[in-house]
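**Student:** next comes the sequence, and after it the predicted model I'd like to discuss.
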Amino acid sequence: MSTETALPVLKASDFASDQDVRWCPGCGDYSILAQMKKVLPTIGIPRENTVFVSGIGCSSRFPYYMNTYGIHSIHGRAPAVATGVKTARPDLFVWVITGDGDALSIGGNHLMHAIRRNLDINIVLFNNRIYGLTKGQYSPTSPLGKVTKSTPAGSVDNPLHPLSIAIGCEATFVARTIDVNIKHLGMVLTRAAEHRGTAFVEVYQNCNVFNDGAFEYATDKATKNDNTLQLEHGKPLVFGENRDKGIRLNGMDPEVVELGKGITEDDLLFHDEKATEPSLAYLLSRMRHPDFPEPIGVFRAVDRPLFDVEMDQQISAAVEKQGEGDLDTLFNTGDTWLVEVEEAYDDPVEASATANHLEQDILNDDIASLQPREHPVVSPDTPVGEVLNLLVAKGVGCAAVVDTIDGQSQLVGIFSERDALMRLNTEAATLRDRPVSQFMTAAPETLKVSDKIAFAMHKMSVGGFRHIPILDDDRFSGMVSVRDIVRYATGKLQGNGAS
Ligand SMILES: Cc1ncc(C[n+]2csc(CCOP(=O)(O)OP(=O)(O)O)c2C)c(N)n1
Ligand code: SF4
């Protein structure tokens, strides 16, 4: 007697979570959710083996509403997170739910790599040609000229076409469907679920609040048959309200032709979703309204080795050869070293507390606490040789050049080691009688006496300065040098203040 218990047959309602759905009434997302809940029971994979991973956006709220595992992840990163999930657990049934903004703006890079790897995952891109969640900015799929909150004069960005991207990355399954075309939507989701490899599905989804009617040409009863073309494997590309039009190849380009008058279905392009070369699928993905009917259905369904399976095989082979791995051992073997704690700080907690105090002091103390050393003050006509002698005699690297202008003493420049090196160099002896004003750095960056040490350090680091003069009420009052700061920090670390 068999001890196996038959798995319960699930219904759509079994896949509904207990969360309130927070999409706007009338949003196309509802229809996709409803079809997903209908399709999953027919696939027969248990809920506990199913994971929905999303990014950020209205569409990305999807995992909350499914009674499966779910990860509402980081903006644009759902493909990367799903790659991790599927690689770690190849037995799971993994779906990525994303929007045109999430997948193609911030997440373009991640999408591309997930697709090219051909993991066995399904990516459903809800394309509403707008940023819905953030209230109506244009997205990478918004058409040229689209007026939105962020393109008030009309978009001048050439739009991306999601299927062209997917085919360019050689996706093994590529399809398009429409939110309101529920039978077709269900069929496409089923095909995607059954495909082994990355299935990429674009759903035309109406955002009735911020981009209402974006796909009206493809959904309105009066126009949809002329503006869309249902792809069927092995069948000619026929479309039109009266099925009297078709797509023919003219050289490398598609063209719309009328059937009859000498043109038969045999003259048309035949759809081959199994073609290993993606060129024809790409050509179909470029057929756009209003020049062409837009194809819906499966563009491409081919086989290629699966990343997750091959990775799993490599891991199994390595385990068989080397045994189970141990991360701790891995981290501590081979070319590793230990960074010893400074002798003065046997206790790392003490070391970190001291560093924190120093940081606080640097932020709170003003530059007077540095007790800057005295620097020579010279007039602009002082011979540069004399200034050099002063620097050597005082053992400092910079002099302030001060002039009297309108009866006021004013800093007009500084003469530093760098000026000596860059502007005098080996000519110092011959130029020694020239005035320092010819070699100084005029109008240097300055600090105020009330500035904090952190601010001085920031200025030095950004400008690459070793000395910055200090002004008190626009008068030169001293000079901060890198040496002052090092002395201050060392003193603090040794508990001696700035001495
Ligand atoms: C790092 C980061 N950048 C930007 C945003 C703002 N933001 C949230 S959702 C979104 C785009 C949503 O558009 P889409 O992916 O098309 O989803 P929809 O809301 O239309 O379903 C943006 C830009 C964010 N949340 N995080
Ligand atoms: S803002 Fe648009 S996409 Fe978002 S829930 Fe509302 S209708 Fe749907």
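**Tutor:** Nice, thanks for sending it over. Ligands and ions are numbered 1, 2, ... in the order given.

**Student:** in a helix, that's where Glu241 is, yeah?
**Tutor:** No. Looking at Glu241 with DSSP: H, G, I helix; E, B strand; the rest coil, it is coil, so not inside a helix.

**Student:** what pLDDT is listed against the residue of the chain most remote from its centre?
**Tutor:** Going by CA atoms, centre = their mean, the residue of the chain most distant from its centre is Asp433, 59.5 Å out. Looking at Asp433, its pLDDT stands at 94.

**Student:** secondary structure class of it, three-state.
**Tutor:** coil.

**Student:** what's the helix or strand of the chain with the lowest mean pLDDT packed up against?
**Tutor:** Taking mean pLDDT, DSSP states H and E as the measure, helix 348-364 is the helix or strand of the chain with the lowest mean score, a mean of 78. Packing contacts for helix 348-364, counted by 3 or more CB pairs under 8 Å, 6 or more residues apart in numbering; DSSP states H and E, involve helix 453-463, helix 482-493. For every residue, glycine as well, the C-beta is placed using N, CA and C.

**Student:** what ranges do the strands span in the stretch 301-450 of the chain?
**Tutor:** With DSSP state E, counting those that start in this stretch, the ranges of strands along the stretch 301-450 of the chain come out as 377-378, 398-405, 408-416, 441-442, 447-448.

**Student:** Phe465 is nearest to which of the ones you listed?
**Tutor:** strand 408-416 (8.5 Å; CB to CB).

**Student:** contacts for the closest one next, please.
**Tutor:** With contacts defined as CB atoms under 8 Å, 6 or more residues apart in numbering, strand 408-416 is touched by 378, 380, 384, 387, 397-405, 436-437, 439-444, 446, 466-467, 469, 471, 474-476, 479.

**Student:** got the angle between it and strand 398-405?
**Tutor:** Here strand 408-416 points in a direction 150 degrees away from that of strand 398-405 (axes from the mean of the first three to the mean of the last three CA atoms, to 10 degrees).

**Student:** and strand 408-416, what's its mean pLDDT?
**Tutor:** Mean predicted lDDT for strand 408-416 stands at 94.

**Student:** and that strand, what's buried?
**Tutor:** Across strand 408-416, burial judged by 16 or more other CB atoms under 10 Å covers 411-416.

**Student:** which parts of the protein sit against ligand 1?
**Tutor:** The chain comes close to ligand 1 at residues 56-59, 75, 99-102, 106, 126, 128, 130-134, 139, as judged by CB under 6 Å from any ligand atom.

**Student:** sort out for me which of the residues you listed are in strands.
**Tutor:** If you go by DSSP state E, the residues of the chain next to ligand 1 have 99, 126 in strands.

**Student:** residue contacts, the closest residue to Ile115 other than its chain neighbours?
**Tutor:** Residue nearest to Ile115 in three dimensions, not counting chain neighbours: Cys169, with 4.0 Å by CB to CB, 6 or more residues apart in numbering. Residues near Cys169 by CB under 8 Å, 6+ apart: 111-112, 115-116.

**Student:** Glu386 now?
**Tutor:** With CB under 8 Å, 6+ apart, Glu386 has these contacts: 378, 432.

**Student:** switch to numbering from 365
**Tutor:** Sure thing, new numbering starts at 365, so read that last one as Glu750.

**Student:** now Val844: how far from Ala820?
**Tutor:** Noted for Val844: a distance of 5 Å to Ala820, by CB to CB, to the nearest Å.

**Student:** before we move on, what about Ile660?
**Tutor:** 65 Å.

**Student:** how about Thr700?
**Tutor:** With distances taken as CB to CB, Thr700 is found 39 Å from Ala820.
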